[in-house]
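Let's see this in three dimensions:
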Amino acid sequence: MVSSSVTRRNFLQAAGMGAAAVWTPKAVKGYTRTEMSKFASGGPLEVGISKWDLDTPTLLVDLDKFEQNLKTMQTTVARNGIASRPHAKTHKCPAIARLQIDSGSVGICTAKVHEAQALFEHGVEQLLCTHANVTPYKIRQAMNLRKRCKSFIQAVDTEQNARELAEAAREAGILADVVVDVDPGGHRTGITAGAPALALAQLVDQLPTLRLRGLLCYDGASQHVHGFEKRKAQTLNTMEASAETCLLMKRAGLNTEIFSGGGTGSYNIDHETSGFTDVQVGSYVFMDAQYLAIGSVDNGEVYSDFAPSLTILTTVVNAQHEGVATADAGAKACTINQPYPIVMGETGISYTGRSDEFGKIVYDNPSRVYKVGEKLELIVSHCDPVVNLYDEIYGIRNDRVEVIWPIAARGYSYSS
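Alright, predicted model coming up:
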């Protein structure tokens, strides 16, 4: 964990000082994706290529920071008596999912069944699809996956959907594992807590082709609340109804082995919810500008629990005008999410005004000025949609490419 004495600006500057201190030569090779794939042979590169030689824009992950983030998460949840069940919607990457499981996570969440399929096809089996599949096609896909993946679990939030799942499971000749999705109050997905959720759980328990495994409740609205104490109060208050639902289910003799929810913003809070078993953390592996601004236990200005490991490498393509420059990472590389990306390791430099193809660098008493052809790293605005724009992530250690991870579930965000 980063010291609480730092300010947000100093923290971000320190986080990227390694990048800022590296001299970037003018004659940079700029390897393309095709060229890089020739270097990779299913594992770490035999010869480490400098990250500054990669073509841009491209997506990087600092492996030292990434691994420390994994360790911090697992140490904390273990100390608090719960588990982690990370959400793959953040990284969509089987290699990262396997590392999360190897580090102690009890499973992997997916937002959509197609994400689960992509991960399973790359060796990930402990899968929980957190949203209901409601169309006949998606239901068939889920049952086909359950046939092959014995540990696949899916969510349900209506009695009609439960009966549809049961009929599809009967046709497929399987017993399908199901959790009840409980609405935390945001009315996005999930059944109302209390008696409606209990009735649905009882129905699932009675249907012969479904097996009830518990419940989940994702309180997304609390994850980015600024200030730890305010975030804690909102999280615990919001989760009261689902905790009461869990207790009702237990009293009715129903299975509550899974009570999953929460996220990166509440990972060190959720254990205080009665009956809670595991937290659906996602962004902690990468971090982004949105999360960095919410504050932590010891630092009200910056969320310093986890280091920003994910960056976009971009090249300056125009520097002929005073006070500004242009780089090649625009909306198609960065998304249009707010706040804007943060220039890693520098001060007095903002990255704004993104068009489709280009980003605008604005100087205000900057720590340096970039020349055409020089490269810089950006801490992303919101990691989930940014990752979905790329085919692979370059794992970097000591400024060298150590591994290339395919983003196998990229684009698999089909609706139900």
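
Okay, domains of this structure per the record?
In terms of domains, the chain is parsed into 8-63+303-406, 64-292 (source: automatic domain parsing).

would a markdown table of those domains with mean pLDDT, mean neighbour count and distance to S413 be doable?
For every residue, glycine as well, the C-beta is placed using N, CA and C. Shown next, in a markdown table, are the domains of the chain (pLDDT from 0 to 100; neighbours: other CB atoms under 10 Å; distance: least, CB to CB, whole Å):
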| stretch | mean pLDDT | mean neighbour count | distance to S413 |
| --- | --- | --- | --- |
| domain 8-63+303-406 | 83 | 18 | 7 |
| domain 64-292 | 98 | 20 | 6 |
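
wait, which of those domains is closest to Y412?
Taking CB to CB, domain 64-292 is the member of those nearest to Y412, at 3.9 Å.

Report the secondary structure element holding L59.
Secondary structure assignment for L59, by DSSP states H and E: strand 58-62.

quick check, distance from the helix or strand that comes right after that strand to the centre of its chain.
Scanning forward in sequence from strand 58-62 by DSSP H and E, the next helix or strand is helix 63-79. How far helix 63-79 lies from its chain's middle: 14 Å, per CA atoms, centre = their mean, to the nearest Å.

Same check on stretch 306-321?
Distance of stretch 306-321 from its chain centroid, counting by CA atoms, centre = their mean, is 21 Å.

contacts for stretch 161-168?
132-134, 139-140, 142-143, 154, 156, 176, 178, 200, 203-204, 207-210 (CB atoms under 8 Å, 6 or more residues apart in numbering).

Next, the angle from the strand holding L59 to helix 63-79.
60 degrees (axes from the mean of the first three to the mean of the last three CA atoms, to 10 degrees).

Partner strands of strand 58-62 and their direction?
When pairing is defined by DSSP bridges, strand 58-62 lines up against strand 310-318 (antiparallel), strand 392-397 (parallel).

Output those in JSON lines; the columns should cover distance to V106.
JSON lines is the format used below for the strands paired with strand 58-62 (distance: least, CB to CB, whole Å):
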{"stretch": "strand 310-318", "distance to V106": "24"}
{"stretch": "strand 392-397", "distance to V106": "24"}
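
which SS state does Y351 fall under?
Classification of Y351 by DSSP: H, G, I helix; E, B strand; the rest coil places it in strand.

Distance of it relative to I191?
Distance, Y351 to I191, by CB to CB, to the nearest Å: 42 Å.

what's the answer for G323, then?
Separation of G323 from I191 (CB to CB) stands at 55 Å.

Go ahead and list the helix or strand containing V178.
Per DSSP H and E: strand 176-181 holds V178.

tell me the contacts of the nearest residue to D270 once chain neighbours are set aside?
With CB to CB, 6 or more residues apart in numbering as the criterion, D270 has its nearest non-adjacent residue at 3.8 Å, and that residue is G262. Neighbouring residues of G262 by CB under 8 Å, 6+ apart: 218-219, 235, 269-270, 276, 279-281.

From G48, how far out is G262?
38 Å.

is T315 in a bridge, and if so with what?
Beta-bridge partners of T315, counted by DSSP bridges, are K375.

rewinding a little: show me the contact partners of the strand holding L59.
So strand 58-62 is in contact with 51, 54, 286, 307, 309-313, 377, 386-387, 389-390, 392-397, 405, going by CB under 8 Å, 6+ apart.

swap the cut-off to 6 Å and go again
By CB atoms under 6 Å, 6 or more residues apart in numbering, the residues outside strand 58-62 that reach it are 309-311, 313, 390, 393-396.
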